[in-house]
Structures are given as C-alpha cells and as structure tokens.
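S.K.: Provide a 3D model corresponding to the input given below.
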Amino acid sequence: MDLAHPHQNHYPDSMSGVTITHMLGGRTVKQTRNTMENLRAVLEAAGSGFEHVLKTTVYLTDMKDFAAMNEVYRSYFTGDLPARTTVGVVALARPELRVEIEVVAAVP
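M.R.: From the prediction side, this is the model:
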C-alpha cells in the first residue's frame, strides 16, 4: 500500500492469517479473524475502514471452509456487503495458510 500518495482514491491490499510474531495454526476461523484484523489495521492506516471496502477476493485452500470463513468475514461488515469473489486454490504462499483476503477500498 502506498500511503505516500493519499490523494489516490482506492487502495488494494491483501492479507493472510499471519501475525507479526507468529503464524496461526490451521484453523480457518482463527486465520480469517486475524486476516480481517490485519486488514482493519491497513485500512485505518490509510484513513479508511471496512465501511469503504468496495470489493474483496477470498482465496481458500479448501472450499469446505467457506461457511467458517464467511461467518467471521460477515461480522466485520455492517449493512450491504461489498462485492466478493471467492476462489478455491491448491495452495497459498505458505503451506500452513488456509485463507487469504484481498480488498479494494475507497479512501474518503
């Protein structure tokens, strides 16, 4: 994310279930919650928030985890949800990751 150019209207960013100090275990719920908290921090640093998210792309290594991911994901939004694409993938950048979420948000 390029915070040096705040005049730009949209910031795409992507996060996975990684914390600064350690990797969460394979639990999709925990990874989704941590991913959303990481995204919250990035959005807030850019002067935005989940209420300004326009589109998300969710990558899951097992589509059977959709319901668990979705329950956590939905709890971060109020009102209408942003447009979303969910993609089943064979693997993510690290083998222990189960979910990655990319957002495009407006900066008011």
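S.K.: Could you give the average pLDDT over the top helix by length along the chain?
M.R.: Scanning the chain for the longest helix, with DSSP state H as the assignment, gives helix 28-45. For helix 28-45, mean pLDDT is 93.
S.K.: what helices or strands is the helix or strand that comes right after it leaning on?
M.R.: Next helix or strand after helix 28-45 toward the C-terminus (DSSP states H and E): strand 53-60. Where contact means 3 or more CB pairs under 8 Å, 6 or more residues apart in numbering; DSSP states H and E, strand 53-60 is packed against helix 66-74, strand 83-88, strand 99-106. For the C-beta atoms, the positions are set from N, CA and C on the backbone; glycine is no exception.
S.K.: on that earlier part again, buried residues in the longest helix of the chain?
M.R.: The neighbour-count check on helix 28-45 (16 or more other CB atoms under 10 Å) flags 28-36, 38-39, 42-43 as buried.
S.K.: Also stretch 47-66?
M.R.: For stretch 47-66, by 16+ other CB under 10 Å, it's 48, 50, 52-53, 56-61, 65-66.
S.K.: So which of those residues is the closest to D80?
M.R.: V53 (10.7 Å; CB to CB).
S.K.: On the strand side of things, show who that closest one bridges to.
M.R.: Per DSSP bridges, the residues bridged to V53 are A105.
S.K.: in the protein, which helix or strand is least confident?
M.R.: Ranked by mean pLDDT, DSSP states H and E, the weakest helix or strand in the chain is strand 10-16, scoring a mean of 48.
S.K.: What pLDDT is listed against the spatially closest residue to M63 that is not a sequence neighbour?
M.R.: Among residues not flanking M63 along the chain, G88 sits closest, at 4.4 Å (CB to CB, 6 or more residues apart in numbering). For G88, the pLDDT comes out at 97.
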